[in-house]
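# predicted structure and sequence below. I'll ask about it afterward.
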Amino acid sequence: MNQIDTRQKILETCKDLIQTKGYHGFTINEIAELLDISSSTVYHHFKNKENLVMATVIQYRNNFELILNEIEQESTSLRSCLEGLINIYSKVLEPDNKKICLCMTLIVEINTLPESIIEELKQFFYLQVKWIIKNIQQHKSEITILNHEIEMLVSSLEGIIAVARMNGGSVYFKSLAYSLLDNFLVAHQAKGK
(Lines give C-alpha, C1' and ligand atoms only; values in the text may rest on other atoms or scores of the structure.)
Protein backbone atom coordinates (compact mmCIF):
# COMPACT_ATOMS: atom_id res chain seq x y z
CA MET A 1 0.00 0.00 0.00
CA ASN A 2 1.38 3.43 -0.83
CA GLN A 3 1.19 6.40 1.56
CA ILE A 4 -2.04 7.83 0.08
CA ASP A 5 -3.78 4.45 0.06
CA THR A 6 -2.69 3.78 3.64
CA ARG A 7 -3.94 7.16 4.83
CA GLN A 8 -7.26 6.65 3.06
CA LYS A 9 -7.69 3.13 4.48
CA ILE A 10 -7.00 4.48 7.97
CA LEU A 11 -9.66 7.18 7.49
CA GLU A 12 -12.21 4.66 6.17
CA THR A 13 -11.54 2.26 9.05
CA CYS A 14 -11.83 5.10 11.55
CA LYS A 15 -15.17 6.13 10.01
CA ASP A 16 -16.49 2.57 10.22
CA LEU A 17 -15.41 2.25 13.85
CA ILE A 18 -16.96 5.58 14.84
CA GLN A 19 -20.22 4.61 13.15
CA THR A 20 -20.37 1.29 14.97
CA LYS A 21 -18.64 2.01 18.29
CA GLY A 22 -18.48 5.78 18.79
CA TYR A 23 -15.45 7.93 19.59
CA HIS A 24 -14.52 6.23 22.84
CA GLY A 25 -15.22 2.70 21.59
CA PHE A 26 -12.03 2.11 19.60
CA THR A 27 -8.29 2.69 19.73
CA ILE A 28 -5.50 3.47 17.31
CA ASN A 29 -4.18 -0.05 17.97
CA GLU A 30 -7.50 -1.52 16.84
CA ILE A 31 -7.28 0.37 13.55
CA ALA A 32 -3.73 -0.90 13.06
CA GLU A 33 -4.81 -4.49 13.76
CA LEU A 34 -7.76 -4.28 11.36
CA LEU A 35 -5.51 -2.98 8.60
CA ASP A 36 -2.61 -5.28 9.46
CA ILE A 37 -0.23 -2.36 9.87
CA SER A 38 1.72 -1.09 12.87
CA SER A 39 0.26 1.55 15.16
CA SER A 40 3.33 3.67 14.34
CA THR A 41 2.12 3.72 10.72
CA VAL A 42 -1.18 5.21 11.89
CA TYR A 43 0.74 7.76 13.99
CA HIS A 44 2.89 8.59 10.97
CA HIS A 45 -0.26 9.85 9.23
CA PHE A 46 -2.11 11.23 12.26
CA LYS A 47 -0.60 12.79 15.37
CA ASN A 48 -3.19 11.25 17.71
CA LYS A 49 -6.74 9.92 17.86
CA GLU A 50 -8.21 13.43 18.02
CA ASN A 51 -6.34 14.40 14.85
CA LEU A 52 -7.48 11.21 13.10
CA VAL A 53 -11.14 11.63 14.05
CA MET A 54 -11.05 15.30 13.08
CA ALA A 55 -9.65 14.37 9.65
CA THR A 56 -12.33 11.69 9.32
CA VAL A 57 -15.12 14.19 10.07
CA ILE A 58 -13.62 16.69 7.61
CA GLN A 59 -13.51 14.06 4.87
CA TYR A 60 -17.08 12.99 5.71
CA ARG A 61 -18.24 16.61 5.50
CA ASN A 62 -16.40 17.17 2.21
CA ASN A 63 -17.98 14.04 0.71
CA PHE A 64 -21.40 15.16 1.94
CA GLU A 65 -20.85 18.57 0.37
CA LEU A 66 -20.09 16.92 -2.98
CA ILE A 67 -23.39 15.02 -2.72
CA LEU A 68 -25.25 18.25 -1.88
CA ASN A 69 -23.67 19.92 -4.91
CA GLU A 70 -24.84 17.03 -7.13
CA ILE A 71 -28.37 17.37 -5.74
CA GLU A 72 -28.28 21.09 -6.43
CA GLN A 73 -27.10 20.57 -10.02
CA GLU A 74 -29.86 18.02 -10.72
CA SER A 75 -32.69 19.91 -8.99
CA THR A 76 -35.06 22.31 -10.68
CA SER A 77 -36.89 23.52 -7.58
CA LEU A 78 -36.50 24.07 -3.87
CA ARG A 79 -38.74 21.06 -3.24
CA SER A 80 -36.55 18.77 -5.36
CA CYS A 81 -33.43 20.01 -3.54
CA LEU A 82 -34.97 19.27 -0.14
CA GLU A 83 -36.30 15.92 -1.35
CA GLY A 84 -32.74 15.08 -2.44
CA LEU A 85 -31.51 15.88 1.06
CA ILE A 86 -34.22 13.66 2.55
CA ASN A 87 -33.20 10.81 0.23
CA ILE A 88 -29.56 11.11 1.32
CA TYR A 89 -30.60 11.05 4.98
CA SER A 90 -32.76 7.96 4.39
CA LYS A 91 -29.78 5.95 3.15
CA VAL A 92 -28.52 5.57 6.73
CA LEU A 93 -31.77 3.71 7.47
CA GLU A 94 -31.64 1.12 4.70
CA PRO A 95 -32.23 -2.40 6.07
CA ASP A 96 -28.68 -3.67 5.54
CA ASN A 97 -27.04 -0.54 6.96
CA LYS A 98 -26.11 -1.05 10.60
CA LYS A 99 -24.17 2.20 10.75
CA ILE A 100 -25.37 5.57 11.96
CA CYS A 101 -24.52 8.92 10.40
CA LEU A 102 -20.96 9.65 11.51
CA CYS A 103 -21.77 13.07 12.92
CA MET A 104 -24.90 11.88 14.73
CA THR A 105 -22.85 9.15 16.37
CA LEU A 106 -20.31 11.69 17.59
CA ILE A 107 -22.93 14.18 18.79
CA VAL A 108 -24.11 11.59 21.32
CA GLU A 109 -20.67 11.89 22.92
CA ILE A 110 -20.42 15.67 22.67
CA ASN A 111 -19.80 16.19 26.39
CA THR A 112 -16.60 14.18 26.22
CA LEU A 113 -15.27 15.09 22.77
CA PRO A 114 -12.26 17.33 22.17
CA GLU A 115 -13.22 20.88 21.19
CA SER A 116 -11.63 20.53 17.73
CA ILE A 117 -14.01 17.68 16.87
CA ILE A 118 -17.00 19.60 18.23
CA GLU A 119 -16.07 22.48 15.91
CA GLU A 120 -15.98 20.11 12.94
CA LEU A 121 -19.41 18.75 13.88
CA LYS A 122 -20.74 22.31 13.94
CA GLN A 123 -19.30 22.84 10.47
CA PHE A 124 -21.14 19.71 9.23
CA PHE A 125 -24.41 20.99 10.65
CA TYR A 126 -23.98 24.51 9.26
CA LEU A 127 -22.98 23.16 5.85
CA GLN A 128 -26.54 21.83 5.55
CA VAL A 129 -28.07 25.05 6.88
CA LYS A 130 -26.09 27.20 4.43
CA TRP A 131 -26.92 24.85 1.56
CA ILE A 132 -30.66 25.05 2.26
CA ILE A 133 -30.54 28.85 2.58
CA LYS A 134 -28.60 29.08 -0.70
CA ASN A 135 -31.21 26.95 -2.45
CA ILE A 136 -34.07 28.95 -0.97
CA GLN A 137 -32.45 32.08 -2.39
CA GLN A 138 -31.94 30.44 -5.79
CA HIS A 139 -35.37 28.87 -6.13
CA LYS A 140 -37.77 30.88 -3.99
CA SER A 141 -36.48 34.36 -3.38
CA GLU A 142 -39.86 35.46 -1.97
CA ILE A 143 -39.51 33.14 1.05
CA THR A 144 -38.60 34.95 4.24
CA ILE A 145 -36.80 32.76 6.73
CA LEU A 146 -37.47 33.34 10.40
CA ASN A 147 -34.66 33.24 12.97
CA HIS A 148 -33.16 29.76 13.16
CA GLU A 149 -35.93 28.22 11.07
CA ILE A 150 -33.50 26.33 8.81
CA GLU A 151 -31.54 25.10 11.84
CA MET A 152 -34.83 23.75 13.21
CA LEU A 153 -35.53 22.02 9.88
CA VAL A 154 -32.11 20.31 9.81
CA SER A 155 -32.41 19.38 13.50
CA SER A 156 -35.84 17.90 12.86
CA LEU A 157 -34.52 15.75 10.02
CA GLU A 158 -31.68 14.51 12.23
CA GLY A 159 -34.13 13.74 15.03
CA ILE A 160 -36.49 11.91 12.69
CA ILE A 161 -33.60 9.62 11.73
CA ALA A 162 -33.14 8.62 15.37
CA VAL A 163 -36.85 7.89 15.83
CA ALA A 164 -37.10 6.11 12.47
CA ARG A 165 -34.30 3.72 13.40
CA MET A 166 -36.64 2.35 16.08
CA ASN A 167 -39.90 2.59 14.11
CA GLY A 168 -39.64 1.24 10.61
CA GLY A 169 -36.48 2.58 9.02
CA SER A 170 -36.34 4.53 5.79
CA VAL A 171 -40.05 4.19 4.94
CA TYR A 172 -41.03 5.69 8.30
CA PHE A 173 -38.34 8.37 7.96
CA LYS A 174 -39.46 9.41 4.49
CA SER A 175 -43.10 9.57 5.59
CA LEU A 176 -42.30 11.93 8.46
CA ALA A 177 -39.63 13.89 6.57
CA TYR A 178 -41.90 14.52 3.57
CA SER A 179 -44.68 15.59 5.92
CA LEU A 180 -42.25 18.03 7.58
CA LEU A 181 -41.19 19.30 4.15
CA ASP A 182 -44.80 19.77 3.04
CA ASN A 183 -45.62 21.72 6.21
CA PHE A 184 -42.50 23.86 5.82
CA LEU A 185 -43.28 24.73 2.19
CA VAL A 186 -47.01 25.31 2.80
CA ALA A 187 -46.24 27.61 5.73
CA HIS A 188 -43.92 29.65 3.53
CA GLN A 189 -46.38 29.81 0.67
CA ALA A 190 -48.94 31.20 3.12
CA LYS A 191 -46.43 33.81 4.35
CA GLY A 192 -45.65 34.83 0.78
CA LYS A 193 -49.30 35.66 -0.01
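Now that the structure is in, tell me what you want to look at.
# whichever strand or helix holds Asn62: how far from the chain's middle?
Secondary structure assigned from DSSP states H and E places Asn62 in helix 49-74. The gap between the average C-alpha position of helix 49-74 and the chain average comes to 8 Å, counting by C-alpha atoms, centre = their mean, to the nearest Å.
# helices or strands up against that helix?
On a contact count with 3 or more C-beta pairs under 8 Å, 6 or more residues apart in numbering; DSSP states H and E, helix 49-74 meets helix 3-21, helix 28-35, helix 78-90, helix 102-107, helix 115-139. All C-beta atoms are positioned from the backbone trio N, CA, C, and that covers glycine.
# go with 7 Å
helix 3-21, helix 78-90, helix 102-107, helix 115-139 (3 or more C-beta pairs under 7 Å, 6 or more residues apart in numbering; DSSP states H and E).
# so the last one versus helix 49-74, what angle?
So the one you mean is helix 115-139. Between helix 115-139 and helix 49-74, the angle formed by their directions is 10 degrees, by axes from the mean of the first three to the mean of the last three C-alpha atoms, to 10 degrees.
# so what touches helix 115-139?
Counting by C-beta atoms under 7 Å, 6 or more residues apart in numbering, helix 115-139 makes contact with 50, 53-54, 57-58, 61, 64-65, 68, 72, 77-78, 81, 103, 106-107, 110, 143, 145, 150-151, 153-154, all of which sit outside it.
# what about 6 Å?
Outside helix 115-139, the residues within contact range by C-beta atoms under 6 Å, 6 or more residues apart in numbering are 53-54, 57, 61, 65, 68, 77-78, 81, 103, 106, 143, 150-151, 154.
# what's the local residue count around Lys9?
Applying other C-beta atoms under 10 Å, we find 16 residues neighbouring Lys9.
# now it: closest residue in space, sequence neighbours ignored.
Excluding its sequence neighbours, the residue lying closest to Lys9 (C-beta to C-beta, 6 or more residues apart in numbering) is Leu35, at 5.6 Å.
# same check on Thr27?
Distances taken as C-beta to C-beta, 6+ apart place Lys49 nearest to Thr27, at 7.5 Å, with adjacent residues excluded.
# now the one you found: how far from Tyr126?
In this structure, Lys49 lies at 25 Å from Tyr126, with C-beta to C-beta, to the nearest Å as the measure.
# kindly report the same for Ile133.
From Ile133 over to Tyr126 the distance is 10 Å, taken as C-beta to C-beta.
# spatially, what comes nearest to Cys103 if we skip its sequence neighbours?
Distance criterion C-beta to C-beta, 6+ apart; nearest residue to Cys103, sequence neighbours excluded, is Phe124 at 4.7 Å.
# and the one you found, what pLDDT?
Looking at Phe124, its pLDDT reads 95.
# in contact with Lys15, which residues?
If you count contacts by C-beta under 6 Å, 6+ apart, Lys15 has them with 56, 102.
# give me the helix or strand of the chain that scores worst on average pLDDT.
Here the helix or strand of the chain ranked lowest by mean pLDDT, DSSP states H and E is helix 169-192, holding a mean of 83.
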